[in-house]
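1. Provide a 3D model corresponding to the input given below.
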Amino acid sequence: MSAALSPLSDATFDEEVKGSVEPVLVDFWAEWCGPCKMITPILEEIAAEHEGKLRVVKLNVDDNPGVARRFEVMAIPTLILFKEGEPAKRLIGAKGKGQLLQELEEFL
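-> Prediction:
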C-alpha cells in the first residue's frame, strides 16, 4: 500500500472522513480479495493525480467490521465516495481507471 492510500480503521474513520475538506473515496477491501488487489494501483494513480481535490483511503473489512457494517458493505471491493462526511456515491466491483474517473468526475 502506498503512502497515497492511507489506511483507516473503525477508530479513525469518523475523524478522517467527516473532518476532510475534500471528498474522500474509501476503498473497502480485504487481503484475500483478488479484485481488490487489482484496483489498488489504479486507486494509487487516481490519488496521486487528484491530490488536493480527492483523498483516497483504504479500510480492511476483516480488521474493521464496524464501519463496513454501518455502511452495509456486502461485497468487496466497494468504493464509497464521501462528500462533507456523507456517502455521495457507491461503486461495487473492480473497474478500470477510465470507468472509475468517469463515475467520479462530478467530484473531481
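2. Tell me where the protein is predicted with low confidence.
-> Low-confidence segments of the chain (pLDDT under 70): 1-4.
3. Grab the longest helix from this protein for me.
-> Using DSSP state H, we find that the single longest helix of the chain is helix 34-49.
4. Could you point out the helix or strand that follows it?
-> Sequence order places strand 55-60 as the next helix or strand after helix 34-49, per DSSP states H and E.
5. Next up, the contacts around the residue nearest to the spatial centre of the chain.
-> Computing the C-alpha centroid of the chain and ranking residues by Cα atoms, centre = their mean puts Val26 first, at 2.0 Å. Neighbour list for Val26: Leu8, Val17, Val57, Lys58, Leu59, Leu79, Ile80, Leu81, Phe82 [criterion: Cβ atoms under 8 Å, 6 or more residues apart in numbering]. Bear in mind the C-beta positions are built from the backbone N, C-alpha and C, glycine included.
6. so which of those is the most crowded?
-> Comparing these by number of neighbours (other Cβ atoms under 10 Å), Leu59 comes first, having 26 neighbours.
7. bridging residues for it?
-> Leu59 has these beta-bridge partners by DSSP bridges: Leu8, Phe28.
8. Please report how far it lies from Gln102.
-> Using Cβ to Cβ, to the nearest Å, Leu59 is found at 23 Å from Gln102.
9. Could you do Asp27 as well?
-> For Asp27, the distance to Gln102 - Cβ to Cβ - is 17 Å.
10. More neighbours: these two, which one.
-> Legend: neighbour count by other Cβ under 10 Å for Asp27 and Gln102, higher for Asp27 (23 against 11).
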